[in-house]
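Asker: Make a model of this:
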Amino acid sequence: MKKALLLLTLTAASPALARDTVVMIKLADVMALPEAKQKLDGSVKFYLDGQKTPKVAKTLGNDVTNKKTNAVGKTDEFACKWAALSALIALQDGAKKNGANAVVNVTSYYKKVEFKSATDIECHAGTMVAGVALKGDYATIGK
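Answerer: Next up, the predicted model:
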């Protein structure tokens, strides 16, 4: 009984062992992946908040994606690129459904905390999972 109580006390008092490492990845690096060239068909362009964007003719709503990927046995960078690609695919699909040809003002939005960068996407890598959340506005832009 004393051993069980001691174990319970030590477990409750010990800090959480979960890892949550912030990894910054370049949008350009994600777009250069061979899988990105297969899954992103080019009909929808992506513009991070702060990045030079063509004139927006019409805004057609906004959306948030929250994509995770298995990180076991992968480097944080690789897992994060994969999660970011999944988030971009979701935004591409949403843009097409809304009649948009671009997603503008894209920001990282992990746990509803906004991070803006003209070049980078924020990812959170853990022991088992890596995740990317993106928020953006669907829009039509001139070519």
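Asker: which residues of the chain fall in helices?
Answerer: 2-13, 27-31, 34-39, 76-97 (DSSP state H).
Asker: Please identify the deepest-packed of the ones you listed.
Answerer: helix 76-97 (a mean of 21; mean count of other C-beta atoms under 10 Å). No exception for glycine: its C-beta is placed from N, CA and C like everyone else's.
Asker: who's in contact with it?
Answerer: With contact meaning C-beta atoms under 8 Å, 6 or more residues apart in numbering, helix 76-97 is reached by 21, 23, 25, 27, 29-30, 33, 35-36, 39-41, 43-44, 46, 63, 65-71, 74, 101-103, 106, 121, 123, 125, 130-134, 136, 138.
Asker: switch the cut-off to 7 Å
Answerer: 21, 23, 25, 29-30, 33, 35-36, 39-40, 44, 46, 63, 65, 67-69, 71, 103, 121, 123, 125, 130-132, 134, 136, 138 (C-beta atoms under 7 Å, 6 or more residues apart in numbering).
Asker: quick one: average pLDDT of it?
Answerer: Helix 76-97 carries an average pLDDT of 98.
Asker: re earlier: Throw the helices of the chain into CSV and include distance to residue 110, thanks.
Answerer: Listed next are these as CSV, based on distance: least, C-beta to C-beta, whole Å:
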stretch, distance to residue 110
helix 2-13, 28
helix 27-31, 15
helix 34-39, 21
helix 76-97, 10
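Asker: Tell me which of those approaches residue 55 most closely.
Answerer: helix 76-97 (17.1 Å; C-beta to C-beta).
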